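[1] Sharing a sequence plus its predicted fold:
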Amino acid sequence: MSSSRTTPARIRIEAHDADWMIATIDGVRIVAAPVPTEQVDAAIGEIVSQLGVRAHVEIHHVDGTIDRRVAHPDQDAEPDEPRT
């Protein structure tokens, strides 16, 4: 899916509980089912690939920590340098 969007997307993934997370893109909740915690990186990769633009990603864990990263459609969603 190609996009004419030039500004980065904002993806927020928030813990629903220890096993499930909910994703939003630019403040809009993704209608699909919640994401299992162990599949978050794969979900980020798929979302960014479909958007076709880089994205600022925040992952809000159930323990209150927050990981931030920038994901690009042409790379894995692994964090460059996680920060809290």
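    That came through, no problem. Owing to the predicted nature of the structure, the values given are computational and were not obtained by experimental measurement. Numbering: from 1, shown residues only.
[2] Pull out the buried positions in the strand or helix carrying residue 44.
    Using DSSP states H and E, the element containing residue 44 is helix 40-51. Residues 40-41, 43-45, 47-48, 51 are the ones in helix 40-51 that count as buried (16 or more other C-beta atoms under 10 Å). Glycine gets a C-beta too; all of them are placed from N, C-alpha and C.
[3] ok, so of these, who is nearest residue 29?
    residue 47 (12.7 Å; C-beta to C-beta).
[4] does the closest one really touch residue 23, like I thought?
    Yes: Residue 47 is in contact with residue 23 according to C-beta atoms under 8 Å; the separation is 6.9 Å.
[5] Give me the common contacts of the two.
    11, 30 (C-beta atoms under 8 Å, 6 or more residues apart in numbering).
[6] so after the helix holding residue 44, what's the next helix or strand?
    Helix 40-51 is succeeded, C-terminally, by strand 55-60 (DSSP H and E).
[7] Quick check: neighbours of that following strand in the sheet, parallel or antiparallel?
    Take DSSP bridges as the rule and strand 55-60 pairs in its sheet with strand 9-15 (parallel), strand 66-71 (antiparallel).
[8] now, of those, which is deepest in the fold?
    Highest mean neighbour count among the strands paired with strand 55-60 (mean count of other C-beta atoms under 10 Å): strand 9-15, with a mean of 19.
[9] what about it, distance to the chain center?
    5 Å (C-alpha atoms, centre = their mean, to the nearest Å).
[10] just to revisit the earlier point, report all helices and strands that the helix holding residue 44 contacts.
    With contacts defined as 3 or more C-beta pairs under 8 Å, 6 or more residues apart in numbering; DSSP states H and E, the packing partners of helix 40-51 are strand 9-15, strand 20-25, strand 55-60, strand 66-71.
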